[in-house]
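Asker: Quick check, what structure comes out for this input:
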Amino acid sequence: MNSLSRRIGAGVAGGAIAAAVAVFAAPQAGATVDSVTVSGSDPYTINTQYTLTAALSGAGIGLLVYWTDNGNTLTPAGKVPWPVGSSTLNWTPTTAGQHLITASQGGNVKTIVVNVVDPAHPGGGTTPPTGGTGGSAGTGSASGLLGGLLGGLTGSAGS
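Answerer: Residues are numbered from 1 along each chain as shown. As a prediction, the model looks like this:
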C-alpha cells in the first residue's frame with residue numbers, strides 16, 4: 001500500500017508541475033495591446049516624423065512589440081517595451097495614402113488607419129479612410145480592417 005501511495009502522490013505532484021509549466025509557458029495569452037496612437041493630428045504629411053505609441057497590459061507586458069506599416073515591418077527584431085506598459089517608435093511616412101499601422105505583442109494585435117497626404121500635391125488622389133478616423137485608437141477587429149481596405153479599394157475605383 002505504501003508503494004501505491006507514493007505512485008499516486010508522484011502522479012499528483014507531476015500533474016501540478018505540468019499545470020504550473022503550462023501557466024508560465026503561455027504569457028503571450030495575457031499580452032494585450034490596449035491602444036495605438038499617433039502623435040500630431042490628421043491630416044498627416046509625408047516626410048514628417050511622428051511618434052507611434054502602444055499602450056500595453058496583461059501578464060505578457062514584457063514581450064517584444066512588433067510594428068508594421070501596411071504590412072511592412074518597422075521593427076524586424078521587435079522592440080522591448082519601455083517604460084513598462086508602453087512601446088513607442090518614431091515613424092516618418094514617405095508615401096501618401098492610407099497607412100495601416102499595427103502593433104502586436106504576444107499574438108495580440110491592434111491596428112489603426114492613418115491618412116497621409118503630400119502637401120506638394122494637394123488632393124493627391126488619396127481616399128480618406130472609411131470605418132475609422134486617422135489617428136484614433138483602432139479596435140483591432142478584422143471587420144474594421146477589412147472595411148478600411150475595401151473602402152479604399154472601392155473609393156479609388158471611381159477615380
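Asker: How is the residue nearest to residue 93 when sequence neighbours are not counted assigned, secondary-structure-wise?
Answerer: Closest residue to residue 93 apart from its sequence neighbours, by CB to CB, 6 or more residues apart in numbering: residue 116 at 4.4 Å. Glycine gets a C-beta too; all of them are placed from N, C-alpha and C. Using DSSP: H, G, I helix; E, B strand; the rest coil, the structure places residue 116 in strand.
Asker: Any figure for the gap between residue 116 and residue 96?
Answerer: Using CB to CB, to the nearest Å, we find residue 116 at a distance of 5 Å from residue 96.
Asker: Look at those two and report which has more neighbours.
Answerer: Neighbours around residue 116 and residue 96, counted as other CB atoms under 10 Å, are more numerous at residue 116. The numbers are 23 against 20.
Asker: Report the beta-bridge partners for the residue nearest to residue 93.
Answerer: On the basis of DSSP bridges, residue 116 is bridged to residue 44, residue 97.
Asker: Per-residue pLDDT of it, please?
Answerer: Here, the pLDDT recorded for residue 116 equals 96.
Asker: Quick one: residues contacting it.
Answerer: Residue 116 makes contacts with 43, 44, 45, 46, 93, 95, 96, 97, 98, 99, 126, as judged by CB atoms under 8 Å, 6 or more residues apart in numbering.
Asker: Export these to TSV and append columns for distance to residue 84.
Answerer: As requested, the contacts of residue 116 are exported to TSV (distance: CB to CB, whole Å):
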residue	distance to residue 84
43	33
44	28
45	32
46	33
93	28
95	33
96	36
97	35
98	32
99	28
126	37
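Asker: which among those residues end up buried?
Answerer: 44, 46, 93, 96, 97, 98, 99, 126 (16 or more other CB atoms under 10 Å).
Asker: residue boundaries of the helices in the chain?
Answerer: Using DSSP state H, the helices of the chain run over residues 2-25, 142-157.
Asker: Among the buried ones among the contacts of residue 116, find the lowest-pLDDT one for me.
Answerer: Ranked by pLDDT, the buried ones among the contacts of residue 116 bottom out at residue 126, which has 45.
Asker: tally of neighbours for residue 91?
Answerer: 19.
Asker: Just the buried positions in stretch 44-62, please.
Answerer: For stretch 44-62, burial by neighbour count (16+ other CB under 10 Å) applies to 44, 46, 50, 52, 54, 55, 56, 58, 59, 60, 61.
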